[in-house]
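Undergrad: Quick one, fold the following:
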Amino acid sequence: MKVSAQKRVSKLDVSKQISGQISGQSLGQNALGSGIEDASLCSLAVALWGWQTGLLFVAVPIIAILEARRFVQQRWEISLSDLKEAAKLSGAILAILFVVLVTVEKSVFIYSLFQWLPVAALPLLLAQTYGLGVQALLADWFANPYLPRQDRSRQAGSRRDPRSKQSPITLHHVFFGLCLMAASATKSDHFFFYGAASALIAVFLWSRRPKRSTPILWLLLFLLSTGLGFAGHLQIARFQRQIEAQVLAMIGTMSSGIVDPDSSATQMGSVGRLKLSNAIAFRVAPTEALSRPASDSSSSDSSAARASVVNAADPSMFPLLLQQASYNQYQLSTWRAENSLFEDVPPGEEDGEWVLSASGEQDRSIVFSADLEWGDGVLSLPRGTSAIRHLPVEEMQHNQYGVVQVDATGTVDYEIQFGPSEGINLSETRPNRTDLQVPNADRAAIETTLAKLDIAGKSEREKASRIAAYFQDFQYTLDLLRPSPDTAPVSDFLLNTQAGHCEYFASATALLLRGAGIPARYAVGFLAHEFSPLEGRYLVRSRDAHAWALAYIEGEWQVLDTTPPDWPAQEEAMTSSFQSVSDFFSFLGFQAFYRIRQLGELGLREILMIVIPLFCYLLWRSIQAFQGQRQRAIDVDEAGLRPVQSGLDSEFYQIEQMLDERGWSRRPVESLLQWRDRIYLSLPASQQATFTEILGLHYRYRFDPCSLDPTERQRLKNLSQQWMTFYLANEQIQAGAD
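TA: Below is the predicted model:
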């Protein structure tokens, strides 16, 4: 009889449990009676997990709780509802860990989540260690979900050989594997981990090895499998790296939003209409970053980069060209960067600060909210950028063509400081001979065009002005016309069509400048021009991708954009009427993600202040539910009441049990009707129809909300008893005949 809400089991009961009279192995001793206890094996796995992940401050208390079972003799009887409460608590802990790690770790949270899995599974581990009947409960519940609980217990008991030495799977085993998996989700020395994990697995399997195998043979086979596993792991890791590199390269060539610092294949010479996306690539806004007090500038909090927007629609700063890359070698409609060499950008004094030029002017500042895709993301920067702040990346590189790339992924906010001159890019080097080369296929068209401009004897600046003026009568179009078969795309653009998109204008301008003796390059990037009153920021869309020429005039690289200035309006005119709706939902998503990301800026102290009260509340609710269920069970016992469960006292279960004992067991995934169809012809012919009638009454009694009336209930009982009596009599007759 239960006498309290949390009944403690005496030492005698514990002894009975160890000897096998109480099903399960709550104390953690394996079934063979030899070797290390399962709970102690879990302690070793927890120690390895804590060492590998750096969570020893969590692992040590868990080990202490597990090993305290040697001194704490009390055990608690665990019911199915108690086990469900423990599972709910584990789920709640896992959900809390998920939210916290997503906000703190961002794109790499999945590794940290794996590392914390043993903490989430701790309530179930404690139930297995300090509870009675857990193993029997699991075996009973999962043995056959179609039978009532009491019949499942009898079925499991009838099939269990008391002499069997086979150890069942326990929650200790699951936790052991979970610790090894969590310990593997680190960047630590894999040689040490593989050796330690193999040793623990060897200890686990040693006491469960087949008795017919000799220890030497077993050890040799284990060492062989361990060595083959390690060699296979190394080969799989190498193969994975190769596959990832090839897949990323393939995606990079297929994705229009990815910029290649080494080459840029244009659409010149193609036929059709360019399909441009209205998706928002990033957001830009001017800030007060340089006017903040010095005390603010010393803060490492990345939220400083998102200062209040001041005069967001600043006509003196916008429209603003944002350059991603430039190229100097042109051939067959493709621009390439000759001998591109990347160097590390030195970090600044503050965390997240990168200095492109210590001597550059910094009287302008803008904030970017951008998604750096695929890693090694190329940054979009205004001309004259001297420093980048609040960009938390491990490495930044730039080349001699002004390309700046980082080793980051995901959405970030960062601040760019740049000078007043949009012509200067501080990371670009002086020109070389390649910056003056004109392809032979376009040389005749370039010379013919320059002859019309009368630039002989003019200064470099005047030459550039006349070349830019020459394109005033050209038209911007996204309709790609078929060029003459014998004419290069740039030549056809200059001499025939005089219409095209920005790639035509930029390429033709660069080649004309070279023909006039001015070093020139081809640049790509975006134009920030669309101000959103809703967001207070400039929206830069995929369709805002742009190309222009760079001219080396008076010792500086200057922007020369000859594309007609109304090209953004033409592209906007082709947008869908639902774009405003799409922008609104994009804004909502941006704001939601921004608020969630702010949680990642909280320190450990703030996170603990949020998580600990929530965890304590969930723990309190679980304890209250546990005590309430215990008290209700005691009240029912003391009142001599029996919980009503419709149909569980059906006599049909006795028929099923009787047939099961004679080899006609119902399969775990088999319904009663399917089971009847399978054994129907094996039943006595005179009792087949009766069996079907009994099954129909049972179904109604078990599942019909109206159940059976008293007459039908009595008929189910009588038919079942008569059927079993006849079946047993028929069985005896057949046995006598044999």
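Undergrad: Who are the contact partners of the residue lying closest to Leu97 once chain neighbours are set aside?
TA: With C-beta to C-beta, 6 or more residues apart in numbering as the criterion, Leu97 has its nearest non-adjacent residue at 5.0 Å, and that residue is Trp116. For glycine as for every other residue, the C-beta is placed from the backbone atoms N, C-alpha and C. Shown in contact with Trp116 (C-beta atoms under 8 Å, 6 or more residues apart in numbering): 55, 97, 101, 182.
Undergrad: Ranking by neighbours, what's the top pick from those residues?
TA: The member of the contacts of Trp116 surrounded by the most neighbours (other C-beta atoms under 10 Å) is Ala182, with 27 neighbours in all.
Undergrad: how far does stretch 450-460 stretch from start to finish?
TA: Terminal residues of stretch 450-460 lie 14 Å apart, using C-alpha to C-alpha, to the nearest Å.
Undergrad: buried set for that stretch?
TA: Within stretch 450-460, the residues that qualify as buried by neighbour count (16 or more other C-beta atoms under 10 Å) are 450, 455, 460.
Undergrad: Kindly report the same for stretch 82-99.
TA: Applying a neighbour-count criterion of 16+ other C-beta under 10 Å, the buried positions in stretch 82-99 are 82-83, 85-86, 89-90, 92-93, 96-97.
Undergrad: Repeat that for stretch 704-717.
TA: The neighbour-count criterion (16+ other C-beta under 10 Å) identifies 708, 713, 716 as the buried residues of stretch 704-717.
Undergrad: Start and end of it, how far apart?
TA: Length of stretch 704-717, first residue to last, C-alpha to C-alpha: 17 Å.
Undergrad: Give me the contact list for that stretch.
TA: Under C-beta under 8 Å, 6+ apart, the answer for stretch 704-717 is 646-647, 650-652, 694, 697-698, 700-701.
Undergrad: One more pass at 7 Å, please.
TA: Contacts of stretch 704-717 from elsewhere in the structure, counted by C-beta atoms under 7 Å, 6 or more residues apart in numbering, are 646, 650-651, 694, 697-698, 700-701.
Undergrad: Could you check how far the most centrally placed residue in the chain is from Gln674?
TA: The geometric centre of the chain, computed from its C-alpha atoms, lies nearest to Ile110 (C-alpha atoms, centre = their mean), at 5.9 Å. Look at Ile110 and Gln674: by C-beta to C-beta, to the nearest Å, they are 42 Å apart.
Undergrad: Where does pLDDT dip in the stretch 501-650 of the chain?
TA: Using pLDDT under 70 as the threshold, the predicted model of the stretch 501-650 of the chain has low-confidence ranges 575-578, 589-608, 610-611, 622, 624-646.
Undergrad: Tell me where it has strands.
TA: 520-528, 530-532, 537-541, 545-553, 556-560 (DSSP state E, counting those that start in this stretch).
Undergrad: got these as TSV, with distance to Trp620 and mean neighbour count columns?
TA: Putting the strands of the stretch 501-650 of the chain into TSV (distance: least, C-beta to C-beta, whole Å; neighbours: other C-beta atoms under 10 Å) gives the following:
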stretch	distance to Trp620	mean neighbour count
strand 520-528	53	25
strand 530-532	47	18
strand 537-541	45	24
strand 545-553	56	24
strand 556-560	65	20
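Undergrad: still on that earlier bit, and which of the buried residues of stretch 704-717 is nearest to Cys616?
TA: Set against Cys616, the nearest of these by C-beta to C-beta is Leu708 (49.3 Å).
Undergrad: that older thread, of the strands of the stretch 501-650 of the chain, which approaches Ala285 most closely?
TA: Shortest distance between Ala285 and those, using C-beta to C-beta, is found for strand 537-541: 4.3 Å.
Undergrad: Relative to the whole chain's centre, how far out is that closest one?
TA: What separates the centre of strand 537-541 from the centre of its chain is 27 Å, taken as C-alpha atoms, centre = their mean, to the nearest Å.
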